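Structure for this input, please:
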Amino acid sequence: MVKLRVKLRNLKPEAAVHGVVPDSVVLVVNIDWHESNAMTLVNRLPDGRIADEMLYRDDRARLDFAE
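Got it, this is the predicted structure:
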């Protein structure tokens with residue numbers, strides 16, 4: 001899997017992202033920004049469940065786009 005560094009502003013629905021959940025790739029469903037430094041990321045887990053995660057600018061170091 002090729003890893004490409006994520007900028008939070010580049011996250012869009014349908015993007016596959018590694019690092020939101022340990023050892024998994026999730027699919028972005030929706031994004032809700034809170035000011036300019038935080039977002040609620042709604043995502044689909046590998047087993048099909050929907051979850052949400054609050055992400056901050058500092059979290060981008062653990063995120064990578066997945067191909």
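
Select the longest strand from the chain.
strand 25-34 (DSSP state E).

And the contacts of stretch 43-52?
The contact list for stretch 43-52 (C-beta atoms under 8 Å, 6 or more residues apart in numbering) reads 17, 20-21, 24-29, 40-42, 53. From N, CA and C alone the C-beta is placed, and that goes for glycine too.

Mind doing that once more with 10 Å?
Identification of contacts with stretch 43-52 by C-beta atoms under 10 Å, 6 or more residues apart in numbering yields 11, 13-17, 20-21, 23-32, 40-42, 53.

what's the span of that stretch, first residue to last?
Taking C-alpha to C-alpha, to the nearest Å, stretch 43-52 runs 6 Å from one end to the other.

in that stretch, what counts as buried?
Residues of stretch 43-52 classed as buried: Asn43 (neighbour count, 16 or more other C-beta atoms under 10 Å).

now that stretch: mean pLDDT?
Average pLDDT, stretch 43-52: 97.

what do you get for stretch 20-35?
The model assigns stretch 20-35 a mean pLDDT of 95.

Need the contact partners of that stretch.
1, 6, 8-9, 11-19, 38-48, 50-56, 59, 62-67.

CA-only coordinates of it, as PDB, when you get a sec.
In PDB, the C-alpha atoms belonging to stretch 20-35 read as follows (Å, rounded to 0.1, in the frame of the first residue of the first chain):
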ATOM      1  CA  VAL A  20      -8.200   6.900  11.700                       C
ATOM      2  CA  VAL A  21      -8.700   3.400  13.200                       C
ATOM      3  CA  PRO A  22      -5.600   1.400  14.000                       C
ATOM      4  CA  ASP A  23      -4.500  -1.100  11.300                       C
ATOM      5  CA  SER A  24      -7.500  -0.400   9.100                       C
ATOM      6  CA  VAL A  25      -8.500   1.700   6.100                       C
ATOM      7  CA  VAL A  26     -11.800   3.600   6.500                       C
ATOM      8  CA  LEU A  27     -13.900   5.300   3.800                       C
ATOM      9  CA  VAL A  28     -14.800   9.000   4.500                       C
ATOM     10  CA  VAL A  29     -18.600   9.400   4.400                       C
ATOM     11  CA  ASN A  30     -18.900  13.100   5.600                       C
ATOM     12  CA  ILE A  31     -16.900  15.900   7.200                       C
ATOM     13  CA  ASP A  32     -18.100  18.600   9.500                       C
ATOM     14  CA  TRP A  33     -15.600  21.300  10.200                       C
ATOM     15  CA  HIS A  34     -15.400  23.100  13.600                       C
ATOM     16  CA  GLU A  35     -13.600  26.300  13.100                       C
END
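
Much appreciated, bye for now.
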